[in-house]
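Enquirer: Prediction below, plus the sequence it came from.
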Amino acid sequence: MTSHRRTAADAARAIADALAASGQPYAIGGALALGVAGVPRGTKDVDVNVFVEADLAGVIIDVLTPLGIVFDRGPSMAKAARDGMMIGDWEGMRIDVFFVSIPFSEEAGRTRSQVTVDGWTGSFLSPESIAVFKLLFFRIKDLADLAQLIAVRERDLDHAYIRGWLVTMMGEDDERVKRWDELVARYGPS
């Protein structure tokens, strides 16, 4: 007898449905949103942005716990208040929940889009929001994802919008802005 192992996509759909049913504004992010934007990459976790303040972390925990996601309530709420995110566990799958913690979080909520995948419709971060968040995290894998996103989306990616938000948040001389310019010059449309 074989059991069905939940995929990250399965988990994201269930999380999205629970958040939508409870009236919580959300968008799927991370590798799943990157895949919807045209750059498929495997993942074993789920990133979800909820467009509420971190002081509502308890409400989000109450929405997600019935699915089987485990949060250590007190420490999770403290982490949300401190870091703007909390981490849950769903039978070994990491669930990262990001709250509104910087001005761009609200912008990401404003620019999210409804996407239908295999007959299911959910809310996903826009390609531009994915790019900004990846530049904020600024890990090696994020830069590789960005190179592919720029190459795949070509002119269908608002490079100036992304750069503008980076400059607003980090300043013109920040390494992230310089790296973005390099990536666009190398992988962007000619």
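Expert: The structure has been received and is ready for your questions.
Enquirer: correct me, but Trp165 touches Phe104?
Expert: Yes. With contacts counted by CB atoms under 8 Å, Trp165 reaches Phe104, the gap being 5.8 Å. Glycine gets a C-beta too; all of them are placed from N, C-alpha and C.
Enquirer: Give me the more crowded residue out of those two.
Expert: Set side by side, Trp165 and Phe104 show more neighbours around Trp165, with 20 against 17, by other CB atoms under 10 Å.
Enquirer: Contacts only, for the spatially most central residue of the chain.
Expert: Taking CA atoms, centre = their mean, the centroid of the chain lies closest to Gly29, which sits 2.4 Å from it. Gly29 sits next to Asp47, Val48, Asn49, Phe98, Phe124, Leu125, Ser129, Ile130, Phe133 when contact means CB atoms under 8 Å, 6 or more residues apart in numbering.
Enquirer: per-domain residue ranges of this protein.
Expert: The record's domain parsing of the chain by automatic domain parsing lists 1-125, 126-190.
Enquirer: Point out where the chain drops to low pLDDT.
Expert: Scanning the chain with the threshold set as pLDDT under 70 gives 1-4.
Enquirer: try it again with 80
Expert: For the chain, applying pLDDT under 80 flags the ranges 1-4, 190.
Enquirer: what about the helices in the chain?
Expert: With DSSP state H, the ranges of helices along the chain come out as 8-21, 30-36, 57-64, 73-83, 103-111, 127-137, 140-153, 159-170, 175-187.
Enquirer: Now render these as a markdown table, adding distance to Val117.
Expert: Written out in a markdown table, the entries for the helices of the chain read as follows (distance: least, CB to CB, whole Å):
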| stretch | distance to Val117 |
| --- | --- |
| helix 8-21 | 8 |
| helix 30-36 | 7 |
| helix 57-64 | 21 |
| helix 73-83 | 28 |
| helix 103-111 | 19 |
| helix 127-137 | 15 |
| helix 140-153 | 17 |
| helix 159-170 | 24 |
| helix 175-187 | 25 |
